[in-house]
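got a structure for you, letters missing:
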Ligand code: UD1
Ligand code: CA
């Protein structure tokens with residue numbers, strides 16, 4: 001049978017106190033709605049719809065092209081939000097799963113189980129529930145004498161006794177299309193918040209004698225919703241640990257999970273060791289047998305096998321196999337470090353290529369440069385790439401030797417096999433195999449001390 005998934009993501013998220021729409025707040029580097037979408041996508045539903053509203057254009061940009069979006073112009077409640085999809089789904093020949101964009105921990109296996117339970121029981125509605133030690137803020141599940149679901153009561157509308165109920169509504173449901181939209185359209189907003197509650201549809205179904213089934217979850221953490229930034233931090237911590245657990249099971253050593261931060265979507269190869277205070281962010285990919293950290297931040301970067309990065313920041317860069325970076329290096333966007341390269345202490349590299357086997361071991365700035373293989377760049381060497389208006393390139397050929405404290409005033413080229421004398425300020429090209437010497441000659445005045 002066909003399946004459509006609708007994700008409600010139009011709310012402003014007042015309790016976040018933010019300019020950003022709530023579902024775009026990030027958990028382990030990805031917007032919350034991205035996490036919900038990836039759980040949904042793993043099920044392979046026939047259609048995915050996202051109801052957008054507050055910050056709709058921004059939300060549309062992150063959802064992806066396989067997703068239909070529906071606009072809810074005014075945020076009048078979750079029932080009203082789902083009703084906006086009626087035009088698209090009224091004749092949909094299958095079940096409709098409904099989720100909230102602010103519950104990023106939900107797993108695709110749970111969603112699959114929900115759909116299976118819904119279908120095997122032939123229910124009109126199946127809802128995910130869980131028991132929480134602190135149910136504050138969630139809708140409570142109301143049950144009859146035989147334990148049957150009667151409805152859901154929102155916290156703001158609950159009586160004292162109802163508030164003591166610890167079983168909550170996850171905001172994740174599976175519906176048959178049958179009476180759904182008709183019942184939604186018939187709801188009223190006479191409640192504390194003056195909103196059209198999707199949760200009211202459950203009670204209406206029960207009143208009509210339709211079958212409503214619950215799907216109680218053992219692991220309550222999956223359904224935690226994010227309404228404020230304390231919950232955002234709670235969810236972040238759970239997701240972070242989940243990512244690290246997966247990496248460890250895949251053969252990555254995480255020395256101290258408490259201080260290691262890996263974004264969703266980052267890949268790490270087997271036998272790599274992540275040391276404390278390591279941050280792997282965005283689209284980062286790390287090879288096998290690497291040593292990353294302590295104190296490393298890598299963003300949108302690709303690292304080959306057997307690479308070492310310590311106490312360094314690496315942004316939008318590539319580091320090939322068996323290279324060593326740091327301690328205290330800064331690779332800025334557009335840097336490509338070849339194989340067996342050493343980028344050492346207090347070195348900054350920007351938008352440059354370093355060829356295989358080259359070394360920039362100490363105190364350098366290399367910007368807009370192309371450095372061939374087996375080049376040695378002496379301590380304190382600087383590419384002077386900026387004349388105050390334009391950035392200019394520096395080219396250093398294969399096997400060149402740059403002495404210490406050299407200034408390479410770009411645009412300039414040092415040929416393959418050339419040598420540049422220490423302390424030189426190089427403003428003209430150095431031909432291949434030549435010695436470039438550009439410093440004033442030393443004069444020694446003999447007996448100077450005695451004369452004074
Ligand atoms: C909702 C449920 C509550 C449940 C909880 C689980 C209702 C009335 N209440 O409460 O029973 O325990 O989720 O986390 O459904 N949204 C829209 N348009 C709107 C309003 C909301 O798209 O007009 C979206 C929001 O962006 C959000 C989701 O619906 O992603 C849930 O809305 P929210 O206001 O967070 O509902 P809760 O108060 O958490
Ligand atoms: Ca919520």
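Received it, and whenever you're ready, just let me know what you need. Only a predicted model underlies this, so the values are computations on that prediction, with no experimental measurement involved. Ligands and ions are numbered 1, 2, ... in the order given.

Now do the contacts for the residue of the chain found nearest ligand 2.
When distances are taken as Cβ to the ion, the chain reaches nearest to ligand 2 at residue 225, 3.8 Å away. The way it works is simple: take the backbone N, C-alpha and C, and place the C-beta from them, glycine included. Each residue near residue 225 by Cβ atoms under 8 Å, 6 or more residues apart in numbering is listed here: 100, 102-103, 137-138, 171, 231.

rerun at 6 Å
102-103 (Cβ atoms under 6 Å, 6 or more residues apart in numbering).

go on, the one 3 residues further on?
Counting by Cβ under 6 Å, 6+ apart, residue 228 touches residue 15.

and residue 231, which of the three is it?
helix (DSSP: H, G, I helix; E, B strand; the rest coil).

How much space separates it from residue 24?
Distance, residue 231 to residue 24, by Cβ to Cβ, to the nearest Å: 15 Å.

and those two? which has more neighbours close in?
residue 24 (21 against 16; other Cβ atoms under 10 Å).

picking up where we left off before, ok but the residue of the chain closest to ligand 2 is inside a helix, no?
No. Residue 225 is assigned coil when assessed by three-state DSSP, not a helix.

Just the pLDDT for it.
pLDDT recorded at residue 225 is 96.

Can you give me the distance of it to residue 184?
For residue 225, the distance to residue 184 equals 21 Å [Cβ to Cβ].

Could you do residue 443 as well?
With Cβ to Cβ as the criterion, residue 443 and residue 184 are 93 Å apart.

Neighbour count for the two, which is higher?
Under the neighbour definition other Cβ under 10 Å, residue 443 and residue 184 were set side by side, and residue 184 has more, 22 against 5.

thought that one was touching residue 81?
No. Taking contacts as Cβ atoms under 6 Å, residue 184 lies outside contact range of residue 81: 9.8 Å.

Quick check: residues of the stretch 1-150 of the chain near ligand 2?
residue 102 (Cβ under 5 Å from the ion).

ok so residue 59 is a helix residue?
Yes. Checked against three-state DSSP, residue 59 lies within a helix.

What is the neighbour count of it?
Counted with other Cβ under 10 Å, residue 59 comes out at 24.

any idea how far residue 4 is from the nearest residue to it once chain neighbours are set aside?
Among residues not flanking residue 59 along the chain, residue 52 sits closest, at 4.5 Å (Cβ to Cβ, 6 or more residues apart in numbering). Computed as Cβ to Cβ, the residue 52 to residue 4 distance reads 16 Å.

Then residue 134?
Taken as Cβ to Cβ, the span from residue 134 to residue 4 is 33 Å.

Show me which of these two is the more surrounded one.
More crowded of residue 134 and residue 4, by other Cβ under 10 Å: residue 4, with 22 against 8.

In which helix or strand does that one reside?
strand 2-9 (DSSP states H and E).

what does residue 242 give?
Short version, using DSSP H and E: residue 242 is in helix 229-249.

strand partners of the very next helix or strand once past that helix, parallel vs antiparallel please.
Going down the chain from helix 229-249, the next helix or strand is strand 253-254, by DSSP H and E. Here strand 253-254 is paired, per DSSP bridges, with strand 273-274 (parallel).

The helix or strand the residue nearest to residue 59 falls within - what's its average pLDDT?
For residue 52, the host element (DSSP H and E) is strand 47-52. For strand 47-52, mean pLDDT rounds to 98.

got a list of contacts for that strand?
4-10, 40, 59-60, 63, 67-70, 72, 81, 84-85.

Contacts for the longest strand along the chain, please.
Determined from DSSP state E, the single longest strand within the chain is strand 167-176. Residues from elsewhere that reach strand 167-176 (Cβ under 6 Å, 6+ apart): 95-100, 114-115, 118, 124-129, 131-132, 135, 138-139, 141, 152, 223.

Quick one: work out the angle between that strand and strand 2-9.
Going by axes from the mean of the first three to the mean of the last three Cα atoms, to 10 degrees, strand 167-176 is angled at 140 degrees with respect to strand 2-9.

near ligand 1, which residues of the stretch 1-150 of the chain?
Residues of the stretch 1-150 of the chain that fall close to ligand 1, judged by Cβ under 6 Å from any ligand atom: 8-11, 22-23, 51, 53, 72, 75-78, 80-81, 100-103, 138-139.

quick one: contacts for residue 154?
With Cβ under 6 Å, 6+ apart, residue 154 has these contacts: residue 139.

what about the helices in this structure?
32-41, 56-63, 78-83, 86-89, 108-121, 160-163, 180-185, 200-207, 229-249, 448-451 (DSSP state H).

so which of those helices is the most packed in?
helix 78-83 (a mean of 24; mean count of other Cβ atoms under 10 Å).

mean confidence score for that helix?
Helix 78-83 comes out at a mean pLDDT of 98.

what's it packed up against?
With contacts defined as 3 or more Cβ pairs under 6 Å, 6 or more residues apart in numbering; DSSP states H and E, helix 78-83 has no helix or strand neighbours.

Need the pLDDT of residue 176.
pLDDT, read off for residue 176, is 94.

And for residue 452?
Model confidence at residue 452, given as pLDDT, is 77.

Residue 12 too?
At residue 12, pLDDT is 89.

cool, residue 326 as well?
Taking residue 326 on its own, its pLDDT is 97.

what number of residues lie near it?
Neighbours around residue 326, by other Cβ under 10 Å: 24.

Kind regards, and thank you for your time.
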